[in-house]
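Q: Mind folding the following:
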Amino acid sequence: SFSATEDLERDMEELKVSLQNKTLALQRIQLMVALRNKMKQNDNDSRLIMETMKHIVMLSKTVIEYQQRVREKEQKLIDIKRKRLSLKKAGGQKLLQIHAMMKTQKEEQASMAASATLESICRNLQKEREMTTVIQNVFQNIIIGSRVNWAEDPSLKAIVLKLEKNVY
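A: Predicted coordinates for the structure are as follows:
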């Protein structure tokens, strides 16, 4: 019932607006008939009415002209706002790209630093292995050069066998 009441109220309002519009149209027609009749009299009042009508037509043309200019300016403003928005979006995307590139560069630099550190560690390890090999050879030569029978002494035998192991 609430919806039906709203529908009736809306219909009533539409009928009132329609009646008003028809009344205004009728009044305009009546005014035009009265003006035509007055113009047929061709007196001083009719000339004044004619001049006033010409002035009204000129003013109406000017108003229409300015309204057109306003529409053009509004369209230009809308175009500028659209362009500004697209530029803002493009700027945001470029900023994201820059951030991604900076992140990638940082990761690459970190990777290069890690790689350099790993290389340094590998070089140090290589040097340590070489020094260990030299020390092993020196110990072997000392044991062999002392002419001790290392094969019969279990502790010397263990040392010599350990020295035989490859550090690589």
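
Q: Quick check: the gap between M53 and I64.
A: 16 Å (CB to CB, to the nearest Å). The C-beta positions use only the backbone N, C-alpha and C, and glycine is treated the same way.

Q: and if you look at K162?
A: 109 Å.

Q: again with R36
A: With CB to CB as the criterion, R36 and I64 are 25 Å apart.

Q: What mean pLDDT does stretch 60-71 get?
A: Here stretch 60-71 scores 96 as its mean pLDDT.

Q: export that stretch as CSV, just CAs?
A: Extracted C-alpha coordinates of stretch 60-71, given in CSV (Å, rounded to 0.1, in the frame of the first residue of the first chain):
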residue,chain,number,x,y,z
SER,A,60,18.5,35.6,-27.4
LYS,A,61,21.0,35.0,-30.2
THR,A,62,23.8,36.5,-27.9
VAL,A,63,22.7,34.3,-25.0
ILE,A,64,22.8,31.2,-27.3
GLU,A,65,26.2,32.2,-28.6
TYR,A,66,27.6,32.6,-25.0
GLN,A,67,26.0,29.3,-24.0
GLN,A,68,27.8,27.6,-26.9
ARG,A,69,31.1,29.2,-25.8
VAL,A,70,30.5,28.0,-22.2
ARG,A,71,29.9,24.4,-23.5
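
Q: What residues of the worst-scoring helix or strand of the chain on mean pLDDT count as buried?
A: Every helix and strand in the chain was compared by mean pLDDT, DSSP states H and E; the lowest is helix 154-164, with a mean of 79. Neighbour-count burial for helix 154-164, counted by 16 or more other CB atoms under 10 Å, picks out V160, L163.

Q: list the helices and strands that helix packs on?
A: Here helix 154-164 touches helix 44-145, going by 3 or more CB pairs under 8 Å, 6 or more residues apart in numbering; DSSP states H and E.

Q: Run the angle between the helix it packs on and helix 154-164 for me.
A: Here helix 44-145 runs at an angle of 140 degrees relative to helix 154-164 (axes from the mean of the first three to the mean of the last three CA atoms, to 10 degrees).

Q: Distance from helix 44-145 to the middle of the chain?
A: Relative to its parent chain, helix 44-145 has a centroid offset of 9 Å by CA atoms, centre = their mean, to the nearest Å.
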